[in-house]
Structure formats: C-alpha cells, structure tokens
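S.K.: Any chance you can model this:
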Amino acid sequence: MKHTKSLSILILCIAIFSIIACCTGIFSTNLQSTKSNYQIHTFRNQLVTIQGSGLYKNDSVSAVSQGIAQDYVTLFLAIPLLLISYLFVRRNSLKGKLLLTGTVGYFLYTYTSYTFLWMFNPLFLIYVLLMSMSFFTFILLLLSIDRTNLKMSFQKKLPVRFLGGFQICFACLLIMMWLKRILPSTFSDSVPYGLEHYTTLVIQGMDLGFIVPAAFLSGILLIQKNEWGYLLTSVIIIKGVALSAAIVCMLIFQCLSGEVLPLEEVILFPLLCLFLCVCLYLLLKNIKPEFERSPS
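M.R.: Next up is the predicted model:
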C-alpha cells in the first residue's frame, strides 16, 4: 500500500490524541455530582443548566452527558477498531482497508463536531488537530482502495438492494427527524429543542449537509452496482456502526441524568444500530476469500 509510513504516523497520532481527549473528558467530569451545576438565562431567554466543572464546565449538563458517552465509545470501541483494522491493512487486507476507512470516517465526524459544537476548552487545538488528521487520513485511504476491482471483490449474493434501500430509508428518516425539530422553530421564530445556549444546531447541520446526501448517493449507486456504491456503502455502514453505538450510549446517559427525550429518537437509534450491525455483517461476510488480500 502506498503512503504506508505517512498513514502509520497519522493513525498513531489519531489514536494518541484521541486517548488524551477522551480520558481528559471522562476523568475530569463527575456526572453524578450536581454541586457545581448552575443555571443561566440565555439571550433567547432560555433557562439552561451548566455543568460547571471538568473539561466541559461551560457546556450544558445535557450536552456533557452526551459528550462523555461518546468519549467512552471512542475510547473503548473506536480506538481499538482503528488500531486493529490498521494491523489488517498492514497485511494488505481489503476488509482491513474498508474497516479502517469507515472508522477514520467516524473520527472525522466526531472531532469535526467537537471542534464546532463544544464551548471553547483547553483541548480545542487537539480537536482541530484530530479533525485535520482524520480528514487527510480519510482521503489517503479512499485513494488507496482500487475501485475498479472492488465490485468483483464481493460475491454476487451480496444483497445490494437491501443495503442500498436501507441507506436511502436511513437518509429519509434523518431528514424527517431533524426537520421535525428545525422547521417549527424556523417558521415560528422560536428556539429549537436542544439548542440551549449554543449558537446553532451543529449535529443536525452535519447530518443534513453530509450524511444524508452521502447515504442517498451511496444507496442509489449500490443498487446500480456502481463501483463507487460499493466503496461508499462500506464507509457509511462501518462509520455508522461506531457512530450509532455512540448515540445509543448518549441516550442511556441522558436518560440516567433524568432528561426527557423525544420518543422517536429513543426508538430509532437503537434500531438503527442493530440494522447497521446486520448490514456490516452482510458486507464483510460477502467479500470473496480470494479478494481478501487487496492489490497494493
């Protein structure tokens, strides 16, 4: 594989700086203690409870519970998957390349959201560094995969219509879920649910601007059995497994903190995580044994 040395350095740096970011967030914050919590009125006249301690001391209690949950998933799922899949890439494994590309996509999404969502904290430059390194690693990995042979690498029994249709349905569900939150506030000039003291809806913007179009395009191209469809599907499903696991963990932490959540989100995201795991199994299972070792 080309750029092996550069990729090794980038992967190692992503792992190290992610461990620093996750451990700082987890161990500096005590979600069980409410002694440091305090309330503020935003300029929109909304009452928001602020964490008051730890790395995320200037963020809301709700956002911190989500952030700590994501830190746990990144530390105990995403980072091990990053390192293990890279070991397989070193053996020139196609499964390893696809797993690594999707996992790096998770890091890119995660630390882009951390850069623009969190209130400024001492790890801001580390978030920017992780976002930048993840972006260039993601590009290197995409360029390293031979798209011309990718279609032949999968068995004909790969359920392309199911996988493609699932991605299209997923995109539609995201649109409906986020527009339900955004449109009423847009037309009534009210504050959307979850905005709190932040400036805008970063996650919803990223999902509607990047994830939804990518899922639509990937699903359509896969149904058409286009080479790009196989590549994008692999990336979206693998990234989706890690990200949906993080979201489920966030929901659990939010429920434990006593927050009342929209019913559709409580139902949708665990089901989504389950379906994505099934899709990942089908995807990896149907890579032909003779193509397991991809060309350099």
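S.K.: quick one: the helices in the protein?
M.R.: Applying DSSP state H to the chain gives helices spanning 4-27, 61-73, 79-90, 94-117, 124-144, 147-150, 160-188, 202-206, 212-223, 227-256, 263-285.
S.K.: Can you lay out those helices as a markdown table showing mean neighbour count?
M.R.: Backbone N, C-alpha and C define where each C-beta goes, glycine included. Formatted as a markdown table, those follow (neighbours: other Cβ atoms under 10 Å):
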| stretch | mean neighbour count |
| --- | --- |
| helix 4-27 | 17 |
| helix 61-73 | 23 |
| helix 79-90 | 18 |
| helix 94-117 | 24 |
| helix 124-144 | 18 |
| helix 147-150 | 14 |
| helix 160-188 | 16 |
| helix 202-206 | 16 |
| helix 212-223 | 20 |
| helix 227-256 | 22 |
| helix 263-285 | 16 |
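S.K.: looking at those, which is closest to E196?
M.R.: Proximity to E196 (Cβ to Cβ) singles out helix 61-73 among the helices of the chain, at 6.8 Å.
S.K.: Would you single out the least confident of the helices of the chain?
M.R.: Mean pLDDT is lowest for helix 147-150 among the helices of the chain, at a mean of 82.
S.K.: elements contacting it?
M.R.: helix 227-256 (3 or more Cβ pairs under 8 Å, 6 or more residues apart in numbering; DSSP states H and E).
S.K.: Run the chain-centre distance for the helix it packs on.
M.R.: Put simply, helix 227-256 sits 6 Å off its chain's centre (Cα atoms, centre = their mean, to the nearest Å).
S.K.: and it with helix 79-90, angle?
M.R.: Put simply, helix 227-256 runs at 160 degrees to helix 79-90, going by axes from the mean of the first three to the mean of the last three Cα atoms, to 10 degrees.
S.K.: Specify the angle between helix 227-256 and helix 94-117 in degrees.
M.R.: Counting by the same axes, to 10 degrees, helix 227-256 lies at 50 degrees to helix 94-117.
S.K.: Show me what helix 227-256 is packed against.
M.R.: helix 61-73, helix 94-117, helix 147-150, helix 160-188, helix 212-223, helix 263-285.
S.K.: out of these, which comes closest to F253?
M.R.: Proximity to F253 (Cβ to Cβ) singles out helix 61-73 among the helices and strands packed on helix 227-256, at 4.2 Å.
S.K.: How far off centre is stretch 67-74?
M.R.: Stretch 67-74 sits 11 Å away from the centroid of its parent chain (Cα atoms, centre = their mean).
S.K.: Could you do stretch 36-47 as well?
M.R.: Worked out by Cα atoms, centre = their mean, stretch 36-47 lies 29 Å from the chain centre.
S.K.: quick one on the thing from earlier: minimum distance to F43: which of the helices of the chain has it?
M.R.: helix 160-188 (15.7 Å).
S.K.: mind checking how far that closest one is from the chain centre?
M.R.: 16 Å.
S.K.: tell me what it is packed against?
M.R.: Secondary-structure packing of helix 160-188 (3+ Cβ pairs under 8 Å, 6+ apart): helix 202-206, helix 212-223, helix 227-256, helix 263-285.
S.K.: what's the spacing between the last one and its chain's center?
M.R.: Helix 263-285 has its C-alpha centroid displaced from the chain centroid by 13 Å (Cα atoms, centre = their mean).
S.K.: picking that back up, I'd like the helices and strands packed on helix 160-188 as JSON lines, with distance to Y111 appended.
M.R.: Shown next, in JSON lines, are the helices and strands packed on helix 160-188 (distance: least, Cβ to Cβ, whole Å):
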{"stretch": "helix 202-206", "distance to Y111": "12"}
{"stretch": "helix 212-223", "distance to Y111": "18"}
{"stretch": "helix 227-256", "distance to Y111": "12"}
{"stretch": "helix 263-285", "distance to Y111": "21"}
